[in-house]
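# I would like the atomic coordinates for the input below:
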Amino acid sequence: MRTRMNVLTAALLIASAGYAQAQDARPAATQSPADSTIAAPTLGTIDFGYRGSSVSGDPARYNRVRDLRDGPLVNAFRYEKETETTFFGAKAASVGYYDQSYSAGFERIGRLKASFDFDSVPLFQVQARTLFGNPGSATLRVADEVQQALQNGTLTQAQAMATATTPFDLKSRRDIAAFNMVYTASRDVDVSVSVHNTLRNGTNLQSFNFGNSPGNMTVLDMGVPVDDRTTDLRTKVEWANGVGVLALGYDGSWYTQNNSTFTWDNPLRATDSATAGPAFGRTALWPTSNANTMSVSGSLKLPARSKATAAISYGMWDQNQPLLPNTTNTALAAAPVPRATAETRANVASMLYSFTSRPADVLWLNARYRYYDYANKTPHFTNTVVPGDFSIGALETSEPSSFKRQTFDADASLMPYRYLGFSAGYSRENGDRTFRIYPLTTEDTWRVSVDSMGNQFVTARLKYESSDRTGHDFDEALLADIGEHVELRHYDIAPRDRRRTTALLTLTPVSYLDLNGTLFAGHDRYPETYFGLRDNQNDGYTVGFDLIPDSKITAGFNYGHETYSAFQWSRTANPLSSTDVTFLDPRRDWNLTTDERVLTYTATLDLIKAIRRTDIRLSYDLSDGYTNYDYDVVANATIPVPQQYKTQPRNRIVAAKVDGQYFVRANVAVGATYWYEEYSVQDFAFDPTLLAPQALPFAMYSGYVYEPYKAHTAFVRMTYLW
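Numbers count the residues shown, from 1 in each chain. Next up, the predicted model:
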């Protein structure tokens, strides 16, 4: 489901518009003194007030990546000061809340430009319940008496979830700080530095289980701790004059994981067992790593209105964290890991060359070559695995994957008439991968388009693309070795025929009215695929209008209709053996057709000073999605017809917003915002009625479901300019 509303979008953000609105409120010289207002100041703006919300249903999903708590709020703050040689500006929004943002910038004209930004992005998932007594930590523990009772059978899973759980909020927050600076050392030389730092804290919903098949052990749904930092540094020295540009750069990226491992008790076992699983599980979280990249780039102006550009980079990626033991289960005689640390590293080479030219006023030519090589240098190792800490598994060898991609593009555009242009292009992409059933792939793409631009009454574009991907050196042994059918194909590299058409049309019959429409249709076929994705279609259109009868009234409407369809083929059978050959029986085949439809409506109306000293903004958004899964079998099937889902997925979200503001004087305004949002959903996997109670025969879960909600948010505020 696509949620396109942002918190208090309906509220008039005076930080960008207040000054212009205040100017509109100034009286003409002929107005009476009673109607006069003071000139609006230009240094700063503050928009503050009180916000309150009422939510029935799921408040976490309503907030999601926003913080709509009740309370006083500084919705927007702006301060700017400018002289002939310098500029300083600062902004803030949602001050003190989880979705707060701050920015500041300074510029000395012709010498220095620097900025700092800080943004917080929350993620509210669910108010969950858990058996673990310390949710959010790197080691989750279940009370010993609960573990022992579940192991002995004196307590059922349902009873444990009903009597021994505690509530906690499953949520996280991302804090992003960024510093950017460009220093002009001389007329031809710039030095730039950029530092981005991202901190993440909280919990994230994940599921783990013991055993090597779903029936061996209950799946555990829990909050995994999130505590990490990513620091990115980008530096560049650039020399430029009227002939060309040359730049040297260094990029560094450092990821630090503060919880290298995550350990959790097995609620069903107090002691290790060689046949019933371990007392606790452990997994490595995303490991600490770093990447360093050197680059050089440049461009050169050439005769005949031509230019050549090039960019080359070489990077080294490294991760060498300790490896975990093969199992936590002391009842199993597991072999030690073959080495102490990961010794993971890769070298990445990238190149881009392009040439653009306009040899005639009506002709444009473009060519581009891209090269990307990810060379995995991690040493191979062989290890006896222990699937799910449940039993000793097979001897397996690691497969450090590498890939290389080369792409060539060529395009030409011709505009023989004033308002009519034609374009044609060709692309070829070669892929080279290790440990994939198609180590080599080639994709050829042709495209043509017709454009009409520059005409005040009509803007139009029609484009058609045709691409064919082929695979080379098919290695069926990779499928056979893991017990898969050799007729299986992976859709991301399988041979594919793709056709796509897009169209755009804008009509302006009069200066105050635009009529617009778009259209797309695409079809992917996989001619060599038996098992897997065979066919995929997508199409849609939008229609709408924008109406501006005068400077005080703006109205708009847009309707969108999209459909998606996919067809997949599979087989239900046991692994091939001397006594069971169902693996080879095509009468056990079944297929799945997935159809999806999405409808969107958007309507807006702005009345800016249509009523004296008053701004009113209205908007309405609706998104309605529906999916249907249809299972079927072959005509002479020896397996039952699959049971269709009684609850097909559907979700619908409606948002209506009203904002009003009255200017008491040019630098003071009072206003109010009302926001209504309603979300309805049904889903066969996360429907609350299907997942109740929280303990099922196959899972003990946190309570994360797709739950509907209705929400009302109101904001009363004052805006002051100085």
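
# where are the low-confidence patches of the chain?
1-42, 211-217, 690-698 (pLDDT under 70).

# close enough to count as contact, Val705 and Ala685?
No: the pair Val705 and Ala685 fails to qualify as a contact (CB atoms under 8 Å) at a distance of 9.4 Å. C-beta coordinates here come from the backbone N, C-alpha and C atoms, glycine included.

# list the residues that contact both of the two?
Counting by CB atoms under 8 Å, 6 or more residues apart in numbering, Val705 and Ala685 have no shared contacts at all.

# ok, those two, which is more surrounded?
Taking other CB atoms under 10 Å, Val705 and Ala685 do not tie; Val705 has more neighbours (20 against 11).

# state the distance from the more buried one to Asp221.
According to CB to CB, to the nearest Å, Val705 stands 11 Å off from Asp221.

# go on, Leu300?
For Leu300, the distance to Asp221 - CB to CB - is 58 Å.

# neighbour count for the two, which is higher?
When neighbours are counted by other CB under 10 Å, Leu300 and Asp221 differ, and Asp221 comes out ahead with 19 against 13.

# please identify which helix or strand holds that one.
strand 219-240 (DSSP states H and E).

# pretty sure Glu465 sits against Thr445.
Yes: using CB under 8 Å, Glu465 makes contact with Thr445 at a distance of 6.3 Å.

# ramachandran coordinates for the residue nearest to Pro549 when sequence neighbours are not counted?
Using CB to CB, 6 or more residues apart in numbering and skipping residues adjacent in sequence, the residue nearest Pro549 is Tyr512, 5.2 Å away. Here is the backbone geometry of Tyr512 (degrees, to the nearest 10): phi -100, psi 10.

# do the same with Gln157
Taking degrees, to the nearest 10 as the convention, Gln157 sits at phi -60, psi -40.

# same question for Arg61.
phi -70, psi -30.

# so who does it touch?
Phe124, Val126, Tyr679, Tyr706, Glu707, Tyr709.

# please apply the same query to Pro122.
Shown in contact with Pro122 (CB under 8 Å, 6+ apart): Asn63, Val65, Arg66, Asp67, Tyr98, Asp99, Lys171, Ser172, Arg173, Arg174.

# now a ChimeraX select for only the buried ones of the residues you listed.
For the buried members of the contacts of Pro122, the matching ChimeraX selection, counting by 16 or more other CB atoms under 10 Å, is:
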select :63,66,67,98,99,171,172,173,174
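
# now, the contacts of Pro122 that are in helices?
Here DSSP state H is the test, and the contacts of Pro122 give Asn63 as lying in helices.

# and which of the contacts of Pro122 is nearest to Gly421?
Val65 (41.1 Å; CB to CB).

# how much space between the closest one and Gln125?
For Val65, the distance to Gln125 - CB to CB - is 11 Å.

# over to Leu155?
28 Å.

# the closest residue to Ala274 other than its chain neighbours and Thr271, how far apart?
Leaving aside its sequence neighbours, Ala274 sits nearest to Ala331 (CB to CB, 6+ apart; 4.2 Å). Distance, Ala331 to Thr271, using CB to CB: 8 Å.

# of those two, which one has the most company?
It is Ala331, of Ala331 and Thr271, that has more neighbours when counted by other CB under 10 Å, with 16 against 13.

# that one belongs to a strand?
No: the assignment for Ala331, made by DSSP: H, G, I helix; E, B strand; the rest coil, is coil rather than a strand.

# who touches it in this structure?
Applying CB under 8 Å, 6+ apart, the residues near Ala331 are Asp272, Ser273, Ala274, Pro278.

# the last one touches Asn266, doesn't it?
Yes: because the distance of 6.0 Å satisfies CB under 8 Å, Pro278 is recorded as touching Asn266.

# which one's more surrounded, these two?
Neighbour count, other CB under 10 Å: between Pro278 and Asn266, Asn266 has more, with 28 against 25.

# list the contacts for that one?
Listed by CB under 8 Å, 6+ apart, the contact partners of Asn266 are Gln147, Phe210, Met217, Leu220, Gly277, Pro278, Ala279, Phe280, Gly281.

# switch these over to JSON lines; also include secondary structure.
Below are the contacts of Asn266 laid out as JSON lines (three-state DSSP):
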{"residue": "Gln147", "secondary structure": "helix"}
{"residue": "Phe210", "secondary structure": "coil"}
{"residue": "Met217", "secondary structure": "coil"}
{"residue": "Leu220", "secondary structure": "strand"}
{"residue": "Gly277", "secondary structure": "strand"}
{"residue": "Pro278", "secondary structure": "coil"}
{"residue": "Ala279", "secondary structure": "coil"}
{"residue": "Phe280", "secondary structure": "strand"}
{"residue": "Gly281", "secondary structure": "strand"}
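
# select only the buried ones of these in PyMOL?
Entered in PyMOL, the line below selects the buried ones among the contacts of Asn266, by 16+ other CB under 10 Å:
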select buried, resi 147+210+217+220+277+278+279+280+281
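
# from the contacts of Asn266, which is closest to Thr341?
Gly281 (21.8 Å).

# my guess is the closest one contacts Thr328. True?
Yes: Gly281 lies in contact with Thr328 (CB under 8 Å); the separation is 6.1 Å.

# intersection of neighbour lists for those two?
Each of Thr263, Asp389 lies in contact with both Gly281 and Thr328 under the rule CB under 8 Å, 6+ apart.
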